[in-house]
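Peer 1: Here is a sequence with its predicted model. Questions after.
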Amino acid sequence: MNRTIAILVLLLAGAGLVAAAGAEPGQRVLPFGSDLAGDQKLPLPWGVSLVGYWQDHGYDLTDLTASSALDPRIAQVAGMVDPAQIDVENEVAQVGVKGDVWLLPFLNVSALLGYVDGQTDIDFGALRRQAAAGTCACSTAQELLALLDAGLDMDYSGFLYGGGATLAWGVGPVFGALNGIATWAALEDEASVRAYIVRPIVGVRVDCFTLWTGAMYQDAEERHKGSLQVPGLGTVSYDVKLDEKEPWNWIVGAGYSFSEQWSLSVEGGFGERTQCEAALARRF
């Protein structure tokens, strides 16, 4: 993943060097092959954006292991947990800076660096009720109940980095785009988050306004390792793996161009996953 980001950064820097070396004063070099766009008006090639993002979505628990030095049965108990009975919710906020460049009239590449702050809550409610009622079909109901009462609420924060590419087309005021993004987070403790995102959209430009709608596919994965104190069990170590619960949702967005250089956009997502993104962009 570090290699991917390095390639994107080098690609951006290389395009800049080519443009600077070959351009006459006042001459616009990027995007390459601008004549392919015909009479279509192209945006300024370089962009820097301040981006804020918030998201609330669910995860599926794919793996849970736990161990305790005081009670080795905890590992067995954790193996009895049915992932289908677990409710996992994640809320995350991000702020970052994105740099992008139109290399071709239909191809934009970007790199992102930011900061992420999130919280993942694992609710063992259904299993806790089964254990309390003695219907968990295991001989270690009390140990299971003690473990589930502890719960898992994991707060995390750290630096976010990633990159992406956009394929775009337009006919008059109508346009379409397919955007792909990959991000990773370097988090505190033994935690990691990565996400792959694909966004197909269609939209229209009317004067200074831009409106669009589409869908967003997100394949997110979290992993957390840590320990918690459980009464009667002492220190319980855990390793949790989580995957996106519902990959697809709908999105709508709107943008306003103050000038050829400055623009503001807002996008919202709804369905099983809700999110909101705002970006202030400056183009060169």
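Peer 2: Yep, that arrived.

Peer 1: Surely P83 touches F124?
Peer 2: No - if you go by CB atoms under 8 Å, P83 and F124 don't touch, sitting 11.1 Å apart. For glycine as for every other residue, the C-beta is placed from the backbone atoms N, C-alpha and C.

Peer 1: Of these two, which one has the most company?
Peer 2: F124 (23 against 13; other CB atoms under 10 Å).

Peer 1: what sits against the residue nearest the centre of the chain?
Peer 2: A centroid search over the chain (CA atoms, centre = their mean) returns A195, at 4.8 Å, as the residue closest to the centre. With contact taken as CB atoms under 8 Å, 6 or more residues apart in numbering, A195 is in contact with I181, A182, T183, Q218, D219, A220, E221.

Peer 1: how far away is it from P247?
Peer 2: 11 Å (CB to CB, to the nearest Å).

Peer 1: can you list residues touching both of the two?
Peer 2: By CB under 8 Å, 6+ apart, the residues touching both A195 and P247 are Q218, D219.

Peer 1: pretty sure D35 is in a helix, no?
Peer 2: Yes - the assignment for D35, made by DSSP: H, G, I helix; E, B strand; the rest coil, places it in a helix.

Peer 1: What is the neighbour count of it?
Peer 2: With other CB under 10 Å as criterion, D35 counts 7.

Peer 1: Starting from Y256, give me the distance back to it.
Peer 2: Applying CB to CB to D35 and Y256 gives a distance of 29 Å.

Peer 1: residues in contact with stretch 167-175?
Peer 2: 40, 106-108, 176-179, 202-206, 212.

Peer 1: Please list only the buried members of the residues you listed.
Peer 2: F106, N108, A177, N179, G203, R205, W212 (16 or more other CB atoms under 10 Å).

Peer 1: mind listing what's buried in the helix or strand hosting the third one?
Peer 2: Per DSSP states H and E, A177 falls inside strand 174-187. Under the neighbour-count criterion of 16+ other CB under 10 Å, strand 174-187 has F175, A177, N179, I181, A182, T183, W184, A185, L187 buried.

Peer 1: repeat for stretch 264-281
Peer 2: So stretch 264-281, judged by 16+ other CB under 10 Å, has buried residues S265, E267, G269, R273, Q275, E277, A279, A281.

Peer 1: Output that stretch as CSV, nothing but the C-alphas.
Peer 2: Extracted in CSV, the C-alpha atoms of stretch 264-281 (Å, rounded to 0.1, in the frame of the first residue of the first chain):
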residue,chain,number,x,y,z
LEU,A,264,-17.4,24.3,-2.7
SER,A,265,-19.2,20.9,-2.8
VAL,A,266,-21.3,18.9,-0.4
GLU,A,267,-22.3,15.2,-0.8
GLY,A,268,-24.5,13.0,1.3
GLY,A,269,-25.1,9.3,1.4
PHE,A,270,-28.2,7.4,2.7
GLY,A,271,-29.4,3.9,3.1
GLU,A,272,-27.8,1.3,5.5
ARG,A,273,-24.8,3.7,5.6
THR,A,274,-25.1,7.4,6.1
GLN,A,275,-22.3,9.9,5.4
CYS,A,276,-21.6,13.5,4.6
GLU,A,277,-18.6,15.1,2.8
ALA,A,278,-17.8,18.7,2.3
ALA,A,279,-14.8,20.0,0.2
LEU,A,280,-13.4,23.4,-0.5
ALA,A,281,-11.2,23.3,-3.7
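
Peer 1: No further queries at this time; thank you.
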